[in-house]
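Trainee: What follows is a predicted structure for the sequence shown.
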Amino acid sequence: MSTSSSCATEEVSKHLTLAELTDLVSTAVEGLGSSSPFRVQAATNMLLAVIQEHGAKLETAANLGRAIHLQLSSVRIPQARRDALHTITLLARNHAPELVAAFLDFSMPMDSYTKKCLT
């Protein structure tokens, strides 16, 4: 993400309530499923910026992790895929038990690219 975009996102997100942050993150996750490469990259950039700044206080980390995981199969841009996976890694710093439990619920196997990114 460009530095100015990241700074703008971080600055705006400082003034949002927890509910508004949750809505912003949900909107960004929906953007991961877009057919527009620009929108997908913008969504991952937004997710990274918000999670870096506010990930520790998000109360819906498990749902967010699940939602990102479900969108990964439609993300075709390698950098956006890496950024989405990095978002999950950042969430895990403060929400590991919730995310582990959430991912244990998935029965579908990861593709080789996802495995490679997580190891």
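Mentor: Thanks, I have it.
Trainee: For this protein, which residues score under the pLDDT cut-off?
Mentor: 1-13, 15, 107-111, 113-119 (pLDDT under 70).
Trainee: Show me what the helix or strand hosting residue 27 packs onto, helices and strands only.
Mentor: Using DSSP states H and E, the secondary-structure element containing residue 27 is helix 18-31. If you count contacts as 3 or more CB pairs under 8 Å, 6 or more residues apart in numbering; DSSP states H and E, helix 18-31 packs onto helix 37-54, helix 61-72. C-betas here are computed from N, CA, C, even on glycine.
Trainee: Run the chain-centre distance for that helix.
Mentor: The chain centroid and the centroid of helix 18-31 are separated by 10 Å under CA atoms, centre = their mean, to the nearest Å.
Trainee: what's the angle from it to helix 61-72?
Mentor: Using axes from the mean of the first three to the mean of the last three CA atoms, to 10 degrees, the inter-axis angle of helix 18-31 relative to helix 61-72 is 20 degrees.
Trainee: Now helix 18-31: buried residues?
Mentor: In terms of neighbour count (16 or more other CB atoms under 10 Å), helix 18-31 has its buried residues at 21, 22, 24, 25, 28, 29, 31.
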